[in-house]
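give me a model of this one.
(one chain, ligands or ions: 1)
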Amino acid sequence: MLPEGRLTAYRADPAILSLGEDMFAAVTPAAFPETVIRFRNDRAAAEVGLDHLNDVEWARHFGRFEALPDNLRVPLALAYHGHQFRSYNPDIGDGRGFLFAQLRDGDGRLMDLGTKGTGRTPFSRTGDGRLTLKGGVREILATEMLEALGVETSRTFSIIETGEALTRGDEPSPTRSAAMVRLSHSHIRYGSFQRLAYRKDAVTMERLTDYCLAHLAGMSDVPDRYAALMDYAVSGAARLAASYRAAGFVHGVLNTDNINITGESFDYGPWRFAPRWDDGFTAAYFDQFGLYSFGRQAEALQWNVHQLALALRTVAEADSLIPALKSFPDRYEAALAAALLTRLGIQAQDQENDTRLARAWEAALAASEIEPDRAFFDWRGGTRRRDHAAYETPAFHAFAALATDYSAVPGATDHEYWSNDAPCSMLIEEMEALWAPIAEDDDWAPLESKIDVIRRMGEAHEGLRVPDDQR
Ligand SMILES: Nc1ncnc2c1ncn2[C@@H]1O[C@H](COP(=O)(O)OP(=O)(O)OP(=O)(O)O)[C@@H](O)[C@H]1O
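Next up is the predicted model:
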């Protein structure tokens, strides 16, 4: 029998074409000197019926971009604008990537295969259209970790080394190049709507709204399409902010062009996992004011949904949009309590008590110097399972006292992972230690074994996703 969600054959569905040519530009992929497969995600490929491709076919499609059967005949660079660190930028769009193909997954969801590092496009400005190999490896590690921790994320589908020498300010240069393909539940960004508002294009805005409702939100015949879209976007954004926090993850660049209308996380540039539960912790060296710090990610997402609402005002009355906007804080709080309790393997009860317990947990973490993955690992099931001096604090005792009214999720610690000495984590030093053997000796074995460990952690956390009723 096939594993759940797996497809025997792939189902092409280039639905994007219904949006009309004003939303994208046809582009020619770069012709690379070489295409060496460094990572193929057969688990993700199985979900969309593409795991049968042999390596030659894989490189042809995901390194040379020969079209998949019945799919987009030419790659399309998507057009969008965005607020970057709160300044509006009308000069962006896919500058080093494109939409390569669209297809349905085993659950019938519309999925995109989009690229990064595949050549210049009309939106490249002064950029070279390329991605560094290290940037590609960082995308693998972020997506694998987040998937394992229950965050809805794009999947890194393929990394192919392309044999070019790149110059970058933030990496020792020359540095190696890669073409990445990611599998995601759409590439419709808040900035896609902002661009249409900027151009006062009500007709395409209406069409894009209907596309999102039909293909992404699974809604048809709604009484007020803009209210429905706003509600869908706000629930996704609140869930995203909550799941980042519960994972201890700092995305680093929560600009409106990096927020998917589905709330699925994507675009892993300067991300980091927080080494402490420290709200001031910042990932990007260029985020001098901490706009996207660990403690301000929910605020950033809320600011972004406001920008989406402002864009939708081109076609919608404010009254249609306000109720959803106002619901963000409550939805965030509920999603955060649910995500924290799930990661702790504690059975949720009612929202008021769950929120109190979640706050006690955060207060204990924040008052300590403990590494968050370690603390979640040790307190799985709600009771402390390992000795650690950091847990001898009033705040952890207060949490433990509240947790006695709760029970562990059945099977919370059954997986062999929970008997390990240490949790699987991905702090910056660990990421660098995985990159070093690749850079120095072209040794990919440590990365490959780490991916196995991360996937085993994912099995151990099965069921981590915030339930649908929190959406
Ligand atoms: N080397 C480059 N060449 C051309 N354009 C680039 C390059 N690097 C970034 N850009 C463009 O600058 C903008 C902001 O970049 P950002 O890093 O947020 O996106 P990205 O990582 O390239 O792509 P995505 O958001 O799809 O993950 C995008 O429009 C992107 O296409």
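
which part of this protein gets nearest to the ligand, residue-wise?
In the chain, the residue found nearest to the ligand is residue 127; the distance is 2.2 Å by Cβ to the nearest ligand atom. From N, CA and C alone the C-beta is placed, and that goes for glycine too.

ok, that residue - how many residues close by?
11 (other Cβ atoms under 10 Å).

is it in a helix, a strand, or coil?
For residue 127, the secondary structure call by DSSP: H, G, I helix; E, B strand; the rest coil comes out as coil.

show me what contacts the residue nearest to it when sequence neighbours are not counted?
Counting by Cβ to Cβ, 6 or more residues apart in numbering, residue 127 lies nearest to residue 95, which is 5.2 Å off, once chain neighbours are set aside. Residues near residue 95 by Cβ atoms under 8 Å, 6 or more residues apart in numbering: 77, 120, 121, 123, 124, 125, 127, 129.

can you check residue 315 too?
By Cβ under 8 Å, 6+ apart, the contact set of residue 315 is 202, 205, 206, 209, 226.

dump those residues into a markdown table; add secondary structure as well.
As requested, these are exported to a markdown table (three-state DSSP):
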| residue | secondary structure |
| --- | --- |
| 202 | helix |
| 205 | helix |
| 206 | helix |
| 209 | helix |
| 226 | helix |
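
put the buried members of the residues you listed into a PyMOL selection.
PyMOL command restricting the contacts of residue 315 to the buried ones, with burial defined by 16 or more other Cβ atoms under 10 Å:
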select buried, resi 205+206+209+226
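
what parts of the stretch 1-150 of the chain come near the ligand?
92-97, 116, 123-124, 127-130 (Cβ under 6 Å from any ligand atom).

still on that earlier bit, where does the residue nearest to residue 127 sit: helix, strand or coil?
Secondary structure state of residue 95, per three-state DSSP, is coil.

where's it relative to residue 119, distance?
Shown here: residue 95 relative to residue 119, a distance of 10 Å by Cβ to Cβ, to the nearest Å.

moving C-terminal from the longest strand along the chain, which element do we reach first?
In the chain, assigned by DSSP state E, the strand with the most residues is strand 155-166. Next helix or strand after strand 155-166 toward the C-terminus (DSSP states H and E): strand 175-184.

roughly how far apart are the residue nearest to residue 127 and residue 258?
Between residue 95 and residue 258 the computed distance is 13 Å (Cβ to Cβ).

also residue 21?
Computed with Cβ to Cβ, the distance linking residue 21 and residue 258 is 24 Å.

and what of residue 227?
Applying Cβ to Cβ to residue 227 and residue 258 gives a distance of 25 Å.

mean confidence for the longest strand of the chain?
Averaged across strand 155-166, the pLDDT comes to 98.

quick one: that strand to strand 175-184, angle?
160 degrees (axes from the mean of the first three to the mean of the last three Cα atoms, to 10 degrees).

which residues of the chain fall in helices?
Using DSSP state H, the helices of the chain run over 42-47, 55-62, 133-148, 190-198, 202-211, 225-247, 297-312, 318-326, 328-344, 351-366, 372-378, 394-403, 428-441, 445-460.

among those, which comes closest to residue 109?
Relative to residue 109, the nearest member of the helices of the chain by Cβ to Cβ is helix 42-47, separated by 9.4 Å.

got the CA positions of the closest one in PDB?
Output of helix 42-47 as PDB, limited to C-alpha atoms (Å, rounded to 0.1, in the frame of the first residue of the first chain):
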ATOM      1  CA  ASP A  42      12.100  12.100  -2.500                       C
ATOM      2  CA  ARG A  43       9.700  12.400   0.400                       C
ATOM      3  CA  ALA A  44       8.200  15.600  -1.000                       C
ATOM      4  CA  ALA A  45       8.400  14.200  -4.500                       C
ATOM      5  CA  ALA A  46       6.300  11.200  -3.500                       C
ATOM      6  CA  GLU A  47       3.600  13.500  -2.300                       C
END
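
average pLDDT for it, rounded please.
On average, helix 42-47 scores 96.

show me what that helix is packed against.
Helices and strands touching helix 42-47, by 3 or more Cβ pairs under 8 Å, 6 or more residues apart in numbering; DSSP states H and E, are strand 155-166.

who does residue 88 bridge with?
Per DSSP bridges, the residues bridged to residue 88 are residue 83.

hmm, it is touching residue 195, no?
No: the pair residue 88 and residue 195 does not pass the contact test of Cβ atoms under 8 Å, sitting 10.5 Å apart.

can you check which residues contact both of these two?
Contact criterion Cβ under 8 Å, 6+ apart; residues bridging residue 88 and residue 195 by contacting each: residue 81.

tell me which of these two has more neighbours.
Neighbours per residue (other Cβ under 10 Å) separate residue 88 from residue 195, with residue 195 holding more: 25 against 13.

pretty sure the more buried one is touching residue 81, no?
Yes: with contact defined as Cβ under 8 Å, residue 195 counts as touching residue 81 (4.1 Å).
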